[in-house]
Each structure stands twice: as C-alpha cells, then as structure tokens.
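Chemist: the following block contains a protein sequence and its predicted model.
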Amino acid sequence: MRLIHIEEAGEDHKLTLTEASDQSLPKYAILSHKWGDEELTFHEMQNNTNTNKAGYRKIQQCCVTASPTYQYVWVDTCCIDKSSSAELSEAINSMYHWYEEAEVCYAYLADVPAKKFAESRWFTRGWTLQELLAPKDVIFFDSEWNVLGSRESLAGEISERTNIPLEILSGERGLESVSIAQRMSWASQRETSRIEDQAYCLFGIFGINMPLLYGEGDKAFIRLQEAIMDISDDHTIFAWKNHDDSVSDGGLLATSPAAFRDSNDIVVKAKSSFATKIPWRLDNKGLHLELYTMAVGPDGLLLAILPCTEVGVDEDWMGIYLRDTSLSMENLQRVASSELVPIDLGPFRPAQYPLRALCIHRQRSTNLGGRRIATKDDDPSHGRNTDLALFSTGLDNPEPNSQREIPPGYTALSSAAIEGDLQHTWALLSERRIWADQPDSHSRTPLSYAAERGHTGVVWLLLSRSDVDPFSTDGYSMMPVLYAAQNGHNEAVEIFLARKTSQNDIQDEFHRTLLSHASGGGHEATVKMLVSRSDSDVELADTDGQTPLSWAARQGKTPVVNLLAAHGADVNTTDNQGRTPIWHAVANSQPETMHGLIGLDANTQAHAPFSLPTDQTAWEEIITVLAALGASFHANDESGRSILIWAAESQHTTLFDMLITSIVDVELPDNQERTILSWALEHEARDIFDKLVARGVNINSSSIYRPPPAEPSSPPRREVFTFGRRAAADPNPDPAAASHDTTLAWAAKSKRYDMFELLVTQGADVNPPGPFLPGIQSTLDWAAKERSPQLFKLLLEHGADPHALDIYNSPVLSWTAGDPEYEDYVRMLLHHGADPSFGGPDSETPLYTATRAGYTDMVRLLLEHGADANIPVQGAQALLNFAADQHHHEIALLLLDHGAGVDGQNNQGETALALALEHDDMKMAGLLLGRGADVNLADEDGTAPLVVAVRNARVKHMKLLLEHGADANVKDSYGTPVIVEAAQWDNKKMTAMLVKHGADVNARDENGMSMADYGK
C-alpha cells in the first residue's frame, strides 16, 4: 500500500509518497471524493510537479486536516500507479479493505454548500458506496473543508438518500445480514465513468476478488454475479427487473445494478422449506440449479418460484417467468424480465409446483462490438390463449365440468386431454380435487391420451407436475410415449425422451421399443428421428426375437424397411423361430415389401428353411411349398442354399445324416461361397463337425470355394434359385471379391475361441503362410494381441513357431518383451525354444525392446535365458550405451553383469560414460567408472570426456573423471591442452583442479599460447 507521508505540519508541510507493508501499516486517514478535472496523478505526486492543480490543493487540505493526529493519508488519485494494470487491479481488489482499515475517512463534498447535503453528486457515484460503508468513521466536509457532520450524526439523512438501513450505517448489522438484492439496490442509481466499474466498485461489498478486464463492458457485472454465486446461495440475486423491455437475452442474471432499482425490500424468505439438492453450477449450456416451477401458460411458460419475499409479506414468494423453449426443461430462458411476481402458494398443491433441476440460458454480454443486442422480451401472455396467465382463470371458480359433456368411462381431465384443450386442462389441474394421473375406467391416464393424439401442449403441462409419472403403464402395459411413437407424434416423443431416458429402456410387456412401434406403424419421420439418436439400436428385438425391421416387413411398410436397412438393420435377421423379414413379408401377403427386401440383397436361400417347424413330420409338406417358390434343396446343386446347409447350421443331425450319404463333394459351397464346414463351425455344431472330419474334409481349406477358370469355348452356366424368381449367375466370379479366410482365421476373426481350440486340436495348420488376418501376420501374433494366454499356450503346444513375426516383421517375442502385461507370454515363448537374441529380418531384439521400455524384470529374464548383452541396436550403438542414454541404471548393471562391454561406442564414437556425462547422470557415470570404464577413451573427433567437461565448465564431471584417472594433460581435437582451455574460460577452480592432478602449467595450444598467456 502506498501512503502520503506528512513530514511537516502547517501550510508548508512536505508531502511524500511512501510504501507501507501490511505487517507494519501505520495509522492513516483516507479521502473519499468525487474526482474533478485537475486531479493529481501518481507520477505528478512522485515528481512533485503540477502542484498548482486543484487536485493538489485538495490533497494538501486533506493532509492539513489529518495532521497532527495522523501523519499518513491515502488518496486514490495519486497513491495508485494507474499506468500499471497489475497495481490497479490489486488496488481495486483491496480498496474496500483499505477504507475499512483507515482510522477515519474524510468525505469531501465539493458541491456543498452550493447544493444541499443530500443532493451532492457524491451520493450518485458508484465508488463512494463502499467508501460510505467500509470505514470505521466517516466525517463529511463541504467545499471549504468545513465539517458538515459524521456518518453517525447524519445517518438519518444518509439513510433516506441512499435507502441503506440505519442499523447498517451504524454498524449494528453487518453487510452479510443484508440480501444480495438489497445491496445491489443501493448501487442501482449510482454511476461510474466506465461501465465495467459498475461491477468493480462492488467487490468489497460482496467480498469478491476477481481480475479487471477493462473493455469487457457489462460482462463485468455478469462476472461479478457469477463470482457471488460461487460463495452464496442467496436467490435474491435473481430478483431483479429489466427496466428496458427492448433488451433481454433470456439469462437469469442482470446486466447492471440498475435492474435492482426496485429490489430494496427483497429479502431471503425466513424459515423457507426450500431444500435444494444440488449446488448451482455454470457451464457452457447455462446455469444449473433447482427451483420450484409452476406451468402457467402455453408454449412452455413457467413461473419459477424464488425463496424470497418482500419485507413484511412473509406468506408470499417471488416468481419470475421462464419459457421452456424445447419443452424438455433443458433449455429455459427468462421472459417478461420486467416483472417480479409475488405469489401466495397457499391455494396450490405442492404437486403443481415441484422442485426441478433446471438449465437456464447462460448470460451473455449485451454489448458486443459496441452495439447493444436488442431482442424482444416475451410477455407471458404473448401469443394464443392469453387468458391462460397465472391469475386470470379464477382459481376459486374454475369452469364447471357440468357444462362439458364427458363420455362414459372417461374422467373430465382425460376428456380434456383427448380434445387437446390446453386451457381447460390447466383449469382442471388447478382444482384440488383433481388427480392429474388418475386412470379412467379404460385404465388410461390423461397423459396417455394426450400423447396418443400428439397434443404436445397438454403433454408438457402434465409433465410439469410432480404427481404425473411420465413412464407409467396402463392396463395394456403401454406407456404414454409408446402411444406417441405408435401414432407418429415426433414432438411428443421428443418431450418424453428429454426426461433423461434412453429410448431402448422404454418397452411394453413384450419388450417392443419405441422404434418397434413406430416401424410397425409405418411412421417414417418418427423412425428417422429415433434412428438418428446416439442411443439407437436398430437390432433390439422383442420377446419373440422380432426386430423393428421385421415389424415393418410384416406390416408392409416398405419405406420404413428401406430406412432401417440404410441405418444398418440386418435384412437377414432371424426371430426366435428363425423367421426373417422376407419370411414375414411373404407370410403376411406383402409382395411389395418382399420385392423391396430382395432389392436389398435379402438372402432368400439362406433363411427360407428357417420356416420349417420342429415337427419333422411336416418337413415334406413345407419343402414342397417352398420349392414352388423356386428354392432348390439339392446340396450339390450350384443354385445355392440347400437343406443340407440348413441342417448343418441348425444341428439337425437326423436330416443331415439322411442327406450327407448322397453328397459327393461335402466341400461344395453355397451361394454365399460358404461350405458346410464353415456353417457348422459358426453354429458350433460339434456333431456335424465330427462327421465332416470323419468324411475327410480339409479343415485347413479356405472358407470359400473358387472354381477353376472356365474354358473360353464352353463357359459353364450356373443358375441361382431365389424365392419367386430365377436369375442367371456370373459364370466367372471374381476371386478377389471373395474372402480367403481359412477356417482357423474365421474362428479367430469371429472370436469363436471354442471353435478355434477345436480346429487346433484337430490338426489345423497353426503356421499358415502369409498374413493370418488383416494386420495380423501369425496365429501367435493374433493370440497375444487377443490377450489369451490359454490360446497362446495351445498354439505353442501344437507347433506354432516361437519365432513368429507380426505384420511389421517384428518377432512376437520382441514386442511382447516391451510390455509388463505380456511377461507370461514371453516366458511361454522362451520355454518353447524362442531365441532371446532373435530380432527378425528388420526389427529390434527382445532385449532392446525391454531396455527401451525400462522393463528391468524383463531384461533380467531375457539375460538369464541367454540373450546377448552386446548385440548392437539402433545407430549401431551398444545396448549399454542405450541404457545409459535413457538413465536405466538397474538395466545397465544387469547388462554389465551379463558381459556387456563397458567401453562400447556408437557411430559417433560415444561411450556409455560419455552419454551419461552428457545427460549429467552422475549416478550412471559413477556406476560405469566403477566397472572400469576408460576415462580417456575419445570419440570419433578425438574428444575425450575430460575435454567435454572442461569445455562445458562442468566442475563436478572434471572432479569425477580426474579422480578415476583421467589424463590431466589431454588435448582436444585441435591440439589445445585442457588446462589452456580452462584458462581461456578464466576458471581458476578448474585450472587449480587440473594442476593438482598433474597438468603441465607450461603446456601450449596450437597458437603457442600457455595458461599464463591467457591469464594476462
């Protein structure tokens, strides 16, 4: 803190600026005043210039008034270096405290007695508010420095002028006992020269510290309120009115203190039952908090109830209007911000104003680029149904139900919901005798009817209450939102989904989802909305195993079938009875949908037999019917899918046994180019697998069949039979378009580990040529990356090459050696004969990989199994050099213990010792020297370690090297002795150390200069 020191009393007293610390702060007086045109600056005061200014005379008179009682005075104009933004920020954040610590504050009213005391402009300035409240004592002076009185003696007049209570002025009550709205109201009619100072001048009054950002405009006041919310849960901060109806951005915070002009009587509600469950939180979405809310109008109009009231009106609460713009309680904005609504909750049931977690639009500055953002501030009655505002209906005399005809079995509220009569629904909900969620004689709730008919206003109104369950089920086990989806009411569905619920959790008693109901109803827009959500699951089946696409197919909703397929729905999916969508389309006489599915490549041959019942006596009849549709059942017929394939995958061994004896080629593929073996493996049909192996099937063959090239003169012709049509097949299918997976690769890719194990134990080739899978070179590489030690061990036990490579030609042993989680795999490889020094054709050795990873235990394991500690690594450097370069001390010791050469050099001739010293790793250097490292071994430039140490003035390196026998007379590559180089540095400590260890003081460099010559 900087103070004015009064060195001499009287007219000629000397004034100087002095610094005072918080620990030794002297007693001082402080000045409060309205700045004039000729105020003295810090630099003028410091340099004692421009003392003819009126501002200097003001300071002079203040000091005369203070002395001899006080020898120190603080004046804001000259005690702050405003050219320093840091000092200005610190001063503004400390100012309330400085006024608070002053012994007395002199309030100089330059326009009194020209004006009456209460009319002084001093009372209109923003900064003088804290200067009035903070000091222990305030004495008021007129323009001639005549005493007008003290804050205590003038308290009545001050209170009337400022609306500040007498007990605050007297100090009987602290500021913290006053609501935020009241404190804001004291500043509401005060002005500052800069708009940001409207916020900055209130820091101390609210106990806030925050950085100054001049140029941010009214965002400063928003930041102030956000900072207040971090330390207070006083809801009166939201109890303000916008007095400029043309400007509003829907936020919950005011843009200036002026908004609190009418809030002087707003206080926190005493003994409020308001119990919030969550703290207030600001993020990029908005302000998150809990408030009681009451639906009061159309288009999402709410009254948010604040736990505050006006002084003397204890039974009332204060309300502000919000609009739920998305009807989801996730995007609310304040509207009609010129209104604060007193409300007596007595006539209402708690269910009408539940406590809800809200997210209210975050405040933005209304001053961007120098322009005010003007937006229409909604009137709560704006738009249709203007008589729906809160108190306009007449709660004591709602519209009599007798005037409306209610159908038998329905309640009055259900009837209003069916009609979508929003006003009548709201009137009924205001009656205490009405139960908002009451089922009628049809077991249906009002919400259920409103959702079914798409009356979104009524849906939102009902959901705004706490006594309505959004996801209750009726007598048909249907939720309201399921009715909305069934009838294609998108907006209603979205209102329900906004209640933080996954669409997949909403199901009827048969586990049919929203997507299932919308698909069955053929509502393309609703389906499109549901599948575009991140929680969409187009394959989620009901209890019968039918997916949404199956329902769309059976109902003949071809556009929905196409839409679902475009979003990844499987057109070949099967239900619990093995029926596919095309089966449902055919069975339900939907030819258009059937043709649509065929156009989507629905595999008619693959799944048609699934319609066969489990009663084998009916097979003959079913097969006859399907054959009439053009399907072939001959296993050796190239037309495609056969009953033999179906029997294999379905594990019908009886039928399979009947057919297999008549099949010549059991490896003949179907029209998907898949063999019986591949289907048996996919369905884990072990009995079928055993029969095929017994028949001599090649379990190492590819899972596809590629016929030999056709003779040009007589190309063979294949025919493909499909339901209801017959088409010519391509006589020369492109082999490159088919999959070349072996059965073992298929099992690996499909993660059918049981089948993989079965194939291995039955003799499958565990070392197949070429990549085993895309990006996977070998079976061992795959098992390791699958993190399956059991399969890894199984492969090794059945002859897998322990030196197998990955796709980058790196041995599996090498890359697993660098990961502690693969230690068991490394041990298995070593146990089965893997060479720990094998690095592959163009890769690193396992020992290098483990060293690079700093994996000490793995290095030890590899060395114990005979790994060569002297195998060079990258840059042809020794492994020990690499360990030294990476600071791996324990690994370096292990390498040395297992025969690593301590003086190995890299391409630049650097030894491990040189690298350790280069990285200032004294521990590593000491370790290497202890193992006999040659301290005089030079690199390829002929530079010894001692030369490097002297050249870089590393005294501790010199000491270590000299103590271990370094030659004190060594020369660098230019022939300069190290002692001469040390002299060039003028480093007496280095030269003395070299002399001590035998350096020749007369040695000369290539220029004939000695140590003494450089010292002259």
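Modeler: Perfect, thanks for sending it.
Chemist: quick one: pLDDT of the nearest residue to K989 once chain neighbours are set aside?
Modeler: Closest residue to K989 apart from its sequence neighbours, by C-beta to C-beta, 6 or more residues apart in numbering: V955 at 6.1 Å. In this view, the C-beta of every residue, glycine as well, is placed from N, C-alpha and C. Here the pLDDT value assigned to V955 is 90.
Chemist: then the one 10 residues further on?
Modeler: Listed pLDDT for G965 reads 91.
Chemist: same question, A608
Modeler: A608 is assigned a pLDDT of 40 by the prediction.
Chemist: so how far is the longest strand seen in the chain from its chain's centroid?
Modeler: Ranked by residue count and defined by DSSP state E, the top strand of the chain is strand 286-297. Strand 286-297 has its C-alpha centroid displaced from the chain centroid by 25 Å (C-alpha atoms, centre = their mean, to the nearest Å).
Chemist: for stretch 163-171, same thing?
Modeler: For stretch 163-171, the distance to the chain centre is 48 Å (C-alpha atoms, centre = their mean).
Chemist: please apply the same query to stretch 979-993.
Modeler: Computed by C-alpha atoms, centre = their mean, the separation of stretch 979-993 from the middle of its chain amounts to 59 Å.
Chemist: then it to PDB, C-alphas only?
Modeler: Listed next in PDB are the C-alpha coordinates belonging to stretch 979-993 (Å, rounded to 0.1, in the frame of the first residue of the first chain):
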ATOM      1  CA  ILE A 979      44.500 -26.600 -18.900                       C
ATOM      2  CA  VAL A 980      44.800 -23.900 -21.600                       C
ATOM      3  CA  GLU A 981      41.100 -24.300 -22.400                       C
ATOM      4  CA  ALA A 982      40.300 -23.900 -18.700                       C
ATOM      5  CA  ALA A 983      42.400 -20.700 -18.700                       C
ATOM      6  CA  GLN A 984      40.500 -19.400 -21.600                       C
ATOM      7  CA  TRP A 985      37.400 -19.700 -19.500                       C
ATOM      8  CA  ASP A 986      39.200 -17.800 -16.800                       C
ATOM      9  CA  ASN A 987      38.000 -20.500 -14.400                       C
ATOM     10  CA  LYS A 988      40.600 -20.700 -11.600                       C
ATOM     11  CA  LYS A 989      38.800 -23.500  -9.900                       C
ATOM     12  CA  MET A 990      39.100 -25.700 -13.000                       C
ATOM     13  CA  THR A 991      42.800 -24.800 -13.600                       C
ATOM     14  CA  ALA A 992      43.600 -25.400 -10.000                       C
ATOM     15  CA  MET A 993      42.000 -28.900 -10.100                       C
END
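Chemist: going forward, begin numbering at 820 instead of 1
Modeler: Okay, residue one is now 820; in that scheme the one you just asked about reads as stretch 1798-1812.
Chemist: which other residues reach it?
Modeler: 1766, 1769-1770, 1772, 1774, 1777-1778, 1781, 1787-1788, 1791, 1813-1814, 1818-1820, 1822-1824, 1828-1831, 1833-1834 (C-beta atoms under 8 Å, 6 or more residues apart in numbering).
Chemist: for E1010, which non-adjacent residue is spatially closest?
Modeler: Nearest in space to E1010, with sequence neighbours left out and distances taken as C-beta to C-beta, 6+ apart, is T943 at 5.8 Å.
Chemist: so for P1608, what's the pLDDT?
Modeler: 93.
Chemist: what's the neighbour count on it?
Modeler: P1608 has 15 neighbouring residues, counting by other C-beta atoms under 10 Å.
Chemist: for the helix ranked longest in the chain, what is the distance to the chain centroid?
Modeler: Identified as the longest helix of the chain according to DSSP state H is helix 904-920. On the basis of C-alpha atoms, centre = their mean, helix 904-920 sits 38 Å off its chain's mean C-alpha point.
Chemist: I'd like the average pLDDT over it.
Modeler: Average pLDDT, helix 904-920: 96.
Chemist: so what does it touch, helix or strand wise?
Modeler: Applying 3 or more C-beta pairs under 8 Å, 6 or more residues apart in numbering; DSSP states H and E, one finds that helix 904-920 makes contact with strand 848-852, helix 946-952, helix 1022-1025.
Chemist: quick one: contacts of that helix?
Modeler: 820, 844, 849, 851, 893, 895, 899-901, 924, 949-950, 953-955, 1019, 1022-1024, 1028-1031.
Chemist: 7 Å - rerun?
Modeler: With contacts defined as C-beta atoms under 7 Å, 6 or more residues apart in numbering, helix 904-920 is touched by 820, 844, 849, 893, 899-901, 924, 949-950, 953-954, 1019, 1022-1023, 1028, 1030-1031.
Chemist: now stretch 1246-1262
Modeler: Here stretch 1246-1262 has contacts from 1168, 1170-1171, 1212, 1214, 1217-1218, 1228-1233, 1235, 1264-1265, 1281, 1284, 1286-1288, 1291, 1293-1294, using C-beta under 7 Å, 6+ apart.
Chemist: please repeat the previous calculation with a cut-off of 8 Å.
Modeler: By C-beta under 8 Å, 6+ apart, the residues outside stretch 1246-1262 that reach it are 1167-1168, 1170-1171, 1212, 1214, 1217-1218, 1220, 1228-1233, 1235, 1264-1266, 1280-1281, 1284, 1286-1288, 1291, 1293-1295.
Chemist: drop anything exposed from the contacts of stretch 1798-1812.
Modeler: Buried members of these, scored by 16 or more other C-beta atoms under 10 Å, are 1766, 1769-1770, 1777-1778, 1781, 1787, 1791, 1813, 1818, 1822-1824, 1828-1830, 1833.
Chemist: among these, name the ones in helices.
Modeler: Using DSSP H, the buried ones among the contacts of stretch 1798-1812 in helices are 1766, 1769-1770, 1777-1778, 1781, 1813, 1830, 1833.
Chemist: max pairwise distance over these: which two?
Modeler: Comparing all pairs in those by C-beta to C-beta, the longest separation belongs to K1778 and Y1833, at 22.1 Å.
Chemist: one step back: which positions within the longest helix of the chain qualify as buried?
Modeler: By 16+ other C-beta under 10 Å, the buried positions in helix 904-920 come out as 907-908, 910-915, 917-918, 920.
Chemist: now swap in stretch 1394-1410 and tell me
Modeler: 1394, 1397-1405, 1409.
Chemist: swap in stretch 1798-1811?
Modeler: Buried residues in stretch 1798-1811, counting neighbours by 16+ other C-beta under 10 Å, are found at 1798-1803, 1806, 1809-1810.
Chemist: now these as JSON lines including distance to K1347 and pLDDT?
Modeler: Output for the buried residues of stretch 1798-1811, formatted as JSON lines (distance: C-beta to C-beta, whole Å; pLDDT from 0 to 100):
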{"residue": "I1798", "distance to K1347": "86", "pLDDT": "89"}
{"residue": "V1799", "distance to K1347": "85", "pLDDT": "89"}
{"residue": "E1800", "distance to K1347": "80", "pLDDT": "87"}
{"residue": "A1801", "distance to K1347": "82", "pLDDT": "87"}
{"residue": "A1802", "distance to K1347": "85", "pLDDT": "86"}
{"residue": "Q1803", "distance to K1347": "81", "pLDDT": "83"}
{"residue": "N1806", "distance to K1347": "80", "pLDDT": "82"}
{"residue": "M1809", "distance to K1347": "80", "pLDDT": "88"}
{"residue": "T1810", "distance to K1347": "85", "pLDDT": "88"}
